[in-house]
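[1] below are the sequence and a predicted model; questions follow.
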Amino acid sequence: MLSRLATYTLLGIEAMPVEVEVDISPGAVPKTILVGLAEAAVKESTHRIERALVNSGYGRPMDRVVINLSPADLPKDAASLDLPIALGLLVSDGQVEANPEIDAVYVGELALDGSLRPIRGALSMAIAARDAGKSHIVVPAANAMEAAVVEGIDVISVGILAEAVGFLTGNLPLEPVVFSWDNARTAFGVYEVDYVDVKGQEMAKRALTVAAAGNHHILMIGSPGTGKTLLSQRLGTILPELEREESLETTQIYSAVGRLEPGQPLMLKRPFRSPHHTISEAGLVGGGSIPQPGEISLSHHGMLFLDELPEFNRRTLEVLRQPLEDLCVTISRAMGSVTFPANIMLVAAMNPCPCGFRGDPKRQCSCTPMQIERYLSRISGPLLDRIDIHIEVPPVPFRELAGETDGTSSASMREAVVAARDRQRKRFKNVRTTVNGKMKPPEIRKFCKLDKPAEQLLHGAMEDMGLSARAHDKILRIGRTLADLADDDEIREHHLSEAINYRTLDRSYWQQ
């Protein structure tokens with residue numbers, strides 16, 4: 001007897017439809033054959049499924065069983081196929097009869113006792129099932145809230161195989177899971193840190209406000225202990241809340257790689273990824289025989305923090321150049337190519353020299369000019385050109401550390417950032433760009449026009465500092481953000497002057 005059930009498998013972060021066909025031939029030599037380009041995790045599933053059936057009170061088919069996973073040319077590497085295969089075996093063996101009126105998709109990994117374990121990519125599968133016009137998706141209880149985020153499809157939560165069988169046959173009516181955005185934001189969208197914790201560094205906070213307002217990449221240079229890491233870790237507290245579509249896109253990535261915290265249905269805080277400097281190229285951009293997203297894509301709609309920037313392998317840093325421009329990562333393999341989103345804000349920090357005390361007023365630098373040159377040369381000019389804002393983070397004086405006056409809080413910084421973002425949203429309502437930091441050349445020409453004094457100032461800076469055409473555009477983008485923070489429709493001379501100051505490290509710093 002032949003049975004067919006619909007399910008999904010992951011390819012990257014996208015859910016691809018799979019039809020599970022199970023055929024049992026009575027009287028033939030008992031044997032189970034699994035075909036359809038299944039990877040190791042799927043091939044091993046037949047043994048798990050057989051014991052799960054027996055331990056759940058059902059019989060194990062004793063005839064010739066052929067399981068086909070269609071389409072045959074699509075690699076399948078997910079334990080989520082356990083549940084539809086088990087249900088297909090029961091239907092084909094005549095132990096249960098499926099209700100033809102139930103148009104559902106089944107996903108889930110089985111334990112030996114018949115309980116269902118959580119899977120990767122439940123959100124992507126729910127989205128794909130909804131888009132395919134399915135009415136229900138049956139998922140493990142641990143993934144129910146994650147899948148219920150998707151509107152337009154009923155999510156059925158099951159904890160054991162018997163519950164899934166009851167729903168398949170129509171004998172056990174189960175209510176769909178209901179998701180509440182407000183409850184989720186209260187539980188998972190609140191930050192526990194604040195910029196008020198950082199004493200002093202008001203100039204650095206100003207630069208970070210500008211970076212957050214326009215989604216500009218930023219590099220902080222300073223001696224050890226000046227607060228670069230503290231400043232970076234709190235950047236998410238001043239960025240606008242993740243919108244629903246942004247939250248879904250980010251959650252898809254984390255769900256596909258199994259990085260969601262237990263009980264967390266979706267990402268409601270902007271990601272902050274801080275990989276160690278020993279990370280490989282594949283770890284940063286993604287890779288694998290079946291490509292998986294790397295740290296760049298895990299930072300989508302959030303921040304990628306690279307501490308001790310020159311300590312990273314230079315080749316590893318160079319792979320950042322294309323994603324910073326294209327906002328995506330494309331990984332090509334023999335089976336095809338997979339594209340992961342990578343709309344990130346790059347936040348980097350570094351010491352001014354190997355010992356870290358170059359330019360420090362109280363501590364002596366012990367590095368030779370050759371050591372300093374070798375250290376700084378680990379960051380290529382093209383990568384530096386792609387970082388919008390470069391600032392120095394000086395040591396904090398004792399009077400500011402010991403003072404009782406609080407510094408600028410995240411709430412006040414965030415208020416300015418949100419107001420600037422609202423101005424940008426209105427400006428770019430008819431174009432794909434949403435923030436100043438991602439403006440393309442046609443948009444720069446349209447929205448970043450300068451009056452005569454500002455144009456002369458920029459011309460002088462280009463000549464004196466030897467800036468590239470990319471740096472020229474970045475100064476205009478930063479100037480546009482500074483004008484937005486000041487609620488000004490025009491880029492004034494003082495806005496451009498501050499923007500140029502954020503680029504002075506391009507040449508003069510390296511030549512000190």
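    Nice, I can see it.
[2] all contacts plus neighbour counts: C-alpha atoms, from now on.
    Will do.
[3] return the residues in contact with residue 205.
    231, 408 (CA atoms under 8 Å, 6 or more residues apart in numbering).
[4] which helix or which strand is home to it?
    Assigned by DSSP states H and E, residue 205 belongs to helix 202-214.
[5] give the buried residues for that helix.
    For helix 202-214, the neighbour count (16 or more other CA atoms under 10 Å) marks 204, 205, 207, 208, 209, 210, 211, 212, 213, 214 as buried.
[6] next structured bit after that helix?
    Trace forward from helix 202-214 with DSSP H and E and the next one is strand 218-221.
[7] coming back round to it: now the helix holding residue 205, how far from the centre of its chain.
    Computed by CA atoms, centre = their mean, to the nearest Å, the chain-centroid distance of helix 202-214 equals 22 Å.
[8] what's the answer for stretch 464-484, then?
    27 Å.
[9] show me the shaky parts of the stretch 201-350 of the chain.
    Scanning the stretch 201-350 of the chain for pLDDT under 70 picks out the ranges 335.
[10] how about the strands in it?
    218-221, 272-273, 286-287, 292-293, 303-306, 328-333, 336-341, 345-350 (DSSP state E, counting those that start in this stretch).
[11] and residue 440, which of those is closest to it?
    strand 328-333 (15.5 Å; CA to CA).
[12] hang on, the earlier thing: may I see the strands of the stretch 201-350 of the chain organised as TSV, with mean neighbour count and distance to residue 485 added?
    Shown next, in TSV, are the strands of the stretch 201-350 of the chain (neighbours: other CA atoms under 10 Å; distance: least, CA to CA, whole Å):
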stretch	mean neighbour count	distance to residue 485
strand 218-221	24	17
strand 272-273	21	24
strand 286-287	20	36
strand 292-293	25	34
strand 303-306	24	21
strand 328-333	18	28
strand 336-341	17	28
strand 345-350	24	18
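[13] between the ones you listed, which one is closest to residue 481.
    strand 218-221 (13.9 Å).
[14] list the pairing partners of that closest one within its sheet, with orientation.
    strand 345-350 (parallel), strand 389-392 (parallel) (DSSP bridges).
[15] can you give me how far the last one is from the chain middle?
    So that's strand 389-392. Worked out by CA atoms, centre = their mean, strand 389-392 lies 25 Å from the chain centre.
[16] C-alpha coordinates for that strand, CSV please?
    Output in CSV follows, covering the C-alpha atoms of strand 389-392 (Å, rounded to 0.1, in the frame of the first residue of the first chain):
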residue,chain,number,x,y,z
ILE,A,389,33.5,56.2,11.1
HIS,A,390,36.9,56.0,12.7
ILE,A,391,37.2,57.4,16.2
GLU,A,392,39.8,57.5,19.0
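[17] any residues touching that strand, and which ones?
    Defining contact as CA under 8 Å, 6+ apart, one finds that strand 389-392 is touched by 204, 207, 211, 216-222, 502-506.
[18] mind redoing it with 6 Å?
    218, 219, 220, 221, 222, 502, 503 (CA atoms under 6 Å, 6 or more residues apart in numbering).
[19] show residues contacting the next helix or strand after it.
    Toward the C-terminus, strand 389-392 is succeeded by helix 398-402 as the next helix or strand (DSSP H and E). For helix 398-402, contacts defined as CA under 6 Å, 6+ apart pick out 199, 200.
[20] give the buried residues for helix 398-402.
    Going through helix 398-402 with 16+ other CA under 10 Å, nothing comes out buried.
[21] helix or strand next in line after it, which one?
    Counting by DSSP H and E, what follows helix 398-402 is helix 410-427.
[22] quick one: that next one to helix 202-214, angle?
    30 degrees (axes from the mean of the first three to the mean of the last three CA atoms, to 10 degrees).
[23] helix 410-427: what's the following helix or strand?
    helix 441-447.
[24] sorry, back to before: of the strands of the stretch 201-350 of the chain, which is nearest residue 464?
    strand 218-221 (21.6 Å).
[25] hmm, who's touching the helix or strand in which residue 373 is found?
    Using DSSP H and E, residue 373 sits in helix 369-376. Under the contact criterion CA under 6 Å, 6+ apart, helix 369-376 has outside partners residue 353.
[26] now residue 202: how far from residue 208?
    In this view, residue 202 and residue 208 are 10 Å apart by CA to CA, to the nearest Å.
[27] restrict the lowest-mean-pLDDT helix or strand in the chain to CA atoms and write it as PDB.
    Every helix and strand of the chain was ranked by mean pLDDT, DSSP states H and E. The lowest is helix 398-402, at a mean of 79. What follows is helix 398-402, C-alpha atoms only, in PDB (Å, rounded to 0.1, in the frame of the first residue of the first chain):
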ATOM      1  CA  PHE A 398      39.700  59.600  37.300                       C
ATOM      2  CA  ARG A 399      37.400  62.500  38.100                       C
ATOM      3  CA  GLU A 400      34.900  61.100  35.600                       C
ATOM      4  CA  LEU A 401      35.200  57.500  36.800                       C
ATOM      5  CA  ALA A 402      34.700  58.500  40.400                       C
END
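[28] ok so, going back, for the strands of the stretch 201-350 of the chain, give me a markdown table that also has distance to residue 436.
    Converted to a markdown table, those look like this (distance: least, CA to CA, whole Å):
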| stretch | distance to residue 436 |
| --- | --- |
| strand 218-221 | 14 |
| strand 272-273 | 21 |
| strand 286-287 | 27 |
| strand 292-293 | 26 |
| strand 303-306 | 17 |
| strand 328-333 | 18 |
| strand 336-341 | 19 |
| strand 345-350 | 12 |
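[29] those: which one's closest to residue 24?
    strand 336-341 (34.1 Å).
[30] angle of that closest one against strand 328-333?
    Going by the same axes, to 10 degrees, strand 336-341 makes 160 degrees with strand 328-333.
[31] which residues touch strand 336-341?
    297, 328, 329, 330, 331.
[32] one more time with 10 Å, if that's ok
    11-14, 249-250, 253, 285-287, 290-294, 296-301, 323, 326-332 (CA atoms under 10 Å, 6 or more residues apart in numbering).
[33] how far out from the middle of the chain is stretch 103-110?
    For stretch 103-110, the distance to the chain centre is 26 Å (CA atoms, centre = their mean).
[34] can you give me the end-to-end distance of it?
    22 Å.
[35] what residues of it count as buried?
    Result for stretch 103-110 [16+ other CA under 10 Å]: buried residues 104, 105, 106, 107, 108, 109, 110.
[36] not counting sequence-adjacent ones, nearest residue to the second one?
    Put plainly, it is residue 105. residue 137 (4.6 Å; CA to CA, 6 or more residues apart in numbering).
[37] residue 142: what secondary structure?
    Here residue 142 is helix, with the state taken from DSSP: H, G, I helix; E, B strand; the rest coil.
[38] how about it: what's its closest non-neighbour residue?
    Going by CA to CA, 6+ apart, residue 142 has residue 118 as its nearest residue, at 5.4 Å.
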